[in-house]
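Asker: let me see the structure of the following:
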Amino acid sequence: MSAEGEVRGPVRWRAAMEAALYGPGGFYVRPGGPGPAGHFRTSVHASALYAGAVARLLEWVDAELGRPARLDLVDMGAGRGELLAGVLAALPAETAARVRPYAVERAAEPEGLDPRVRWVAEPPEGATGLLFANEWLDNVPLDVAEDGRYVLVAPDGTETPGGPLEDADREWLERWWPGAAGPDGGRAEIGRARDEAWAAAVATLDRGLAVAVDYAHTRAARPPYGTLTGFRGGRETAPVPDGTCDVTAHVALDACALPGAGLLTQRAALAALGVSGGRPPLALASTDPAGYVRALSAAGEAAELTARGGLGDFGWLVQPVGTGAWPG
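Answerer: Residues are numbered from 1 along each chain as shown. You can find the predicted model right below:
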């Protein structure tokens, strides 16, 4: 790796992603950068309705836990803390007063952060509450395989064939990406590192609920050529691991799931949390014009969050830890 955080390739994709995203000068940790919001639009940035839904989910967890004196809210891959700020603003004052919010992020703490938020590099051990990972796992570095061998990549994005797969990675593909481990297996992304990262995050919860929200696919419908891509300045681009763009791949959320977990779409999850894209009744326009405009705007934002072919198709992996299942 160079002083600027670039890899001296060719290396396996996992090492290249780690350096490009999180190494010195990496995409996510570069000082003074715009943060994720400057390059791509997540549900958090699309509408305050999303933070409101997470706040209602936290209230459900709070009730399940018997309303403890301290309620932890752990935001994995917190960006610049936007989701935490929105959730704290949406909570009832009594609940917000008991919340201990953690922003888990490898970048430096941003200016103007709410003083209630603890900025940490790792999730706190023994948390009691809600651990929420919105578009975190897709940026956990992983290796790429093609025809039973690792794919190597240079800093300019040029790929070359690497060595044969190690046993653990071959076994992961045999279980979770059928047909991809063999010499004619085509291209696949090895999600074992994401499984391990999610298991480690869930293990920090003493009691509560852990939720991962991400671009996702399942074993029955893995993409035949993988999903590795890049984003820069709001546009999709080639996944070049030189630190100038995001490098990401969809998540095999079903492989990440631990015993007792549930998997549903964002559309279904947000519906359970009261987010609907239905238009307000037209009669409201005459009785309360300002209220009608506000309701119409909220309906448009809700429609974006739940849209088929868009954010609504995201997967929600919901893992209870000593609580009931959600949604019940």
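Asker: His250 and Leu49, how far apart?
Answerer: Using C-beta to C-beta, to the nearest Å, one gets 24 Å for the distance from His250 to Leu49. C-beta here means a position set from N, CA and C on the backbone, and glycine is covered the same way.
Asker: ok, these two, which is more surrounded?
Answerer: Under the criterion of other C-beta atoms under 10 Å, the comparison of His250 against Leu49 puts Leu49 first, with 24 against 21.
Asker: quick check: which element contains Pro155?
Answerer: Using DSSP states H and E, Pro155 falls within no helix or strand.
Asker: let me redo that: Pro24
Answerer: Judged by DSSP H and E, Pro24 forms part of no helix or strand.
Asker: report pLDDT for it.
Answerer: The model reports Pro24 with a pLDDT of 91.
Asker: check the one 10 residues further on too.
Answerer: In this prediction, Pro34 carries a pLDDT score of 57.
Asker: show me what contacts Pro223?
Answerer: When contacts are counted by C-beta atoms under 8 Å, 6 or more residues apart in numbering, Pro223 is found next to 217, 250.
Asker: that one in helix, strand or coil?
Answerer: Classification of Pro223 by DSSP: H, G, I helix; E, B strand; the rest coil places it in coil.
Asker: what residues are bridge-paired with the nearest residue to Arg100 once chain neighbours are set aside?
Answerer: In space, and not counting its chain neighbours, Arg100 is closest to Asp72: 5.2 Å by C-beta to C-beta, 6 or more residues apart in numbering. Taking DSSP bridges as the rule, Asp72 bridges to Arg100, Gly129.
Asker: buried sites along stretch 195-212?
Answerer: By 16 or more other C-beta atoms under 10 Å, the buried positions in stretch 195-212 come out as 195, 197-198, 201-202, 204-205, 207-212.
Asker: next one: it to chain centre, how far?
Answerer: In terms of C-alpha atoms, centre = their mean, to the nearest Å, the gap separating the centre of stretch 195-212 from the centre of its chain is 13 Å.
Asker: span of it from start to end?
Answerer: Start and end residues of stretch 195-212 are separated by 11 Å (C-alpha to C-alpha, to the nearest Å).
Asker: mean confidence for it?
Answerer: Per-residue scores along stretch 195-212 average to 98.
Asker: for Ala201, see how far away the nearest residue to Gly322 once chain neighbours are set aside is.
Answerer: Leaving out its chain neighbours, the residue that sits closest to Gly322 by C-beta to C-beta, 6+ apart is Arg207, at 3.9 Å. Distance of Arg207 to Ala201, given as C-beta to C-beta: 15 Å.
Asker: for His217, what are its contacts?
Answerer: Neighbouring residues of His217 by C-beta under 8 Å, 6+ apart: 223, 227, 250-253.
Asker: and those residues, which is closest to Leu130?
Answerer: Of all these, Leu253 has the smallest distance to Leu130: 17.9 Å, by C-beta to C-beta.
Asker: from what I can see the closest one touches Thr218, true?
Answerer: Yes. With contacts counted by C-beta atoms under 8 Å, Leu253 reaches Thr218, the gap being 7.2 Å.
Asker: now the common contact residues for these two.
Answerer: If you check Leu253 and Thr218 against C-beta under 8 Å, 6+ apart, the residues they both contact are Leu263.
Asker: those two - which one has more neighbours?
Answerer: Comparing Leu253 with Thr218 by other C-beta under 10 Å, the one with more neighbours is Leu253, at 25 against 13.
Asker: check contacts around Leu273.
Answerer: Listed by C-beta under 8 Å, 6+ apart, the contact partners of Leu273 are 53, 56-57.
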